[in-house]
Structures are given as C-alpha cells and as structure tokens.
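1. Pasted the sequence and its predicted model underneath.
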Amino acid sequence: GVPSTPWSGDNVGSQGWIFWMVAAAVVLAPLRISAGQAPSLARYANSLYVAAFSILPYRLIGDAGASVPGLDYAGFGGVLLVYAVWTATERLSLRRPGPSLPLALWAACAGTAAMALANSSLVLAQLLGAVAAGLGAAVVVALLVRGAHLATGVVALLAVIVVSLVRRAIVYDLPSECWVLVAVAFLGPWLGEIPSLRARSPKLAGAIAFFAALIPALAAAGLANAAK
C-alpha cells in the first residue's frame, strides 16, 4: 500500500499525488501546532491548510473521473464540511486525554478503510489501514502515559491523509452519502462529551464515543458495497 514516490520510476497514474500531500502535511504540522499559540498566525495557517488539503486534491488527481460535472460545487461544500470536522476534532483532542479519543478515531478510520475496500480501492484501503494502525499505537501510549492526548499536529496529519484519500475515491463513483457518513463518524466521539454521561461513567462515555464513530463508518462501507 505504499504510494509511488517521485524518484521510484513508477510514479504514473493517479496515485503519485499522495506522496506530496503527506510530505506537505508532515512539514506543515508544526505550523498548525504553533498557530494555537499565536492567534495572528492562526488566521493564515487555517486558510493555508483548508486551501492546500481540502481543495488541491481535486486538482492533483489526474483521472478522467475528476471531470465530473458539478465537482467544484461539491468541492466547496466538502471544504466547509472538512473544516468543521477538523476543528471540532482538534478541540476534542485538547479537552479529552486518555485512550478514548484515539480509540474512537481508530474505529472511524478502520471503518473508512473498509469503505474504500468495498469501493474497489485496495490501495486506498491499505493506506487508511496504516493510519488506523498509527491510531492503535496512540491508544497504547495513552494507556501507558497518564494524561496523554493527541497533539494538534497529529489531528492535522489525520485530517490531511484521510480527507485526501477519501477525496480520491470520487473516481470510483463513491456515493455522496458515504462522504457524509464518514464525516459523522469522525464527529461521533463528541457524543462521549455529554456532561451527565461523563460524570456518571467515563468508561461508558468512551464506549458510546467508540460506537458513535464505528457505526456510521461501517454504514458507509455497507453503502459503498451496495452501490458497487
């Protein structure tokens, strides 16, 4: 599932852009972290990230499927949806330490990988599975280190990679409903923030967050399979 690199000699077709998106995300992640400490920088950092990682994938995908009529309108709506999910996840990562958030995001990412597989894209499914594996490691770290939480830069990397790969699935005629379900899956962990629920049982709140992320992602996988 490793994407082609510019110097590998097999950087042909429509997968080569993934390398540049991930590389740019790694380089710019510290900017996202520092933006939280410098409001004047945050304005420009937010604009840069949304423009580069929500719109640009459409331009980089060199496939006939990317010329679908109305794609630009869908892209604009997708940008707003991506930004909402992204910033909400960042806020949640700062207020919820421990393993529950990375576990819920693991569920959302694993379900999204299953959706890509059902959508006849084994490479994208493998790459999303690799992201899920990284989140699984974060769960282990959070269990071992008290008070550990996902850093803002980590959430930025997660958003960039998942968004880029899901956007790629448009060339496989991924139903629009699947995109919405994936967004719901990544917003699902907020259900665990219900005050009365967390005060009563943090473990129950974590379990609800997990299933709130897993169920929509699996529903997206089922819908993609039915559409295929």
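-> Looks like it came in fine.

2. CA only for contacts and neighbour counts going forward, please
-> OK.

3. so where do the helices sit in this structure?
-> Remark: helices assigned in the chain by DSSP state H are 17-35, 39-50, 56-60, 71-95, 100-118, 122-144, 152-168, 176-187, 195-200, 202-227.

4. contacting residues for the closest residue to residue 162 other than its chain neighbours?
-> Nearest residue to residue 162, sequence neighbours excluded (CA to CA, 6 or more residues apart in numbering): residue 128, at 6.9 Å. If you count contacts by CA atoms under 8 Å, 6 or more residues apart in numbering, residue 128 has them with 109-110, 112-113, 162, 165.

5. Could you say which of the helices of the chain is packed most deeply?
-> Counting by mean count of other CA atoms under 10 Å, helix 100-118 has the highest mean neighbour count of these, with a mean of 27.

6. for that one, packing partners?
-> If you count contacts as 3 or more CA pairs under 8 Å, 6 or more residues apart in numbering; DSSP states H and E, helix 100-118 packs onto helix 122-144, helix 176-187, helix 202-227.

7. and of the contacts of residue 128, the nearest to residue 95?
-> For those, the closest approach to residue 95 (CA to CA) belongs to residue 109, at 20.7 Å.

8. ok, the closest one - contacts?
-> Counted by CA under 8 Å, 6+ apart, residue 109 has contacts 128-129, 131-132, 162, 217.

9. do that again at 6 Å, thanks
-> Contacts here follow CA atoms under 6 Å, 6 or more residues apart in numbering; on that basis residue 109 touches residue 132.

10. re earlier: determine which two of the contacts of residue 128 are furthest apart.
-> 110 and 165 (13.1 Å).

11. picking up where we left off before, in terms of distance to residue 81, which of the contacts of residue 128 ranks first?
-> When the contacts of residue 128 are compared for distance to residue 81 (CA to CA), residue 162 wins out at 13.3 Å.

12. What separation do you get for that closest one and residue 216?
-> Remark: distance between residue 162 and residue 216 (CA to CA, to the nearest Å) = 15 Å.

13. do residue 194 as well
-> 19 Å.

14. Lowest average confidence across helices and strands of this structure, where is it?
-> helix 56-60 (a mean of 55; mean pLDDT, DSSP states H and E).

15. Now residue 114. Nearest residue, chain neighbours left out?
-> Leaving aside its sequence neighbours, residue 114 sits nearest to residue 221 (CA to CA, 6+ apart; 5.7 Å).

16. surely the one you found meets residue 117?
-> No: Residue 221 is not in contact with residue 117 according to CA atoms under 6 Å; the separation is 8.1 Å.

17. Quick check: which ranges of the chain have low pLDDT?
-> Within the chain, the stretches with pLDDT under 70 are 1-21, 25, 28-79, 170-171.

18. what's stretch 173-185 in contact with?
-> Contacts with stretch 173-185, where a contact means CA under 6 Å, 6+ apart, come from 108, 213, 216-217, 220.

19. at 7 Å what do you get?
-> 85, 108, 112, 119, 212-214, 216-217, 220, 223-224 (CA atoms under 7 Å, 6 or more residues apart in numbering).

20. Give me the phi and psi for the closest residue to residue 172 other than its chain neighbours.
-> Leaving aside its chain neighbours, residue 172 sits nearest to residue 119 (6.7 Å; criterion: CA to CA, 6+ apart). Residue 119 adopts backbone torsions of phi -90, psi 10, taken as degrees, to the nearest 10.

21. what's the answer for residue 121, then?
-> phi -130, psi 90.

22. Run a quick check on residue 197 versus residue 205, I expect a contact.
-> Yes: with contact defined as CA atoms under 7 Å, residue 197 and residue 205 form a contacting pair (6.0 Å).
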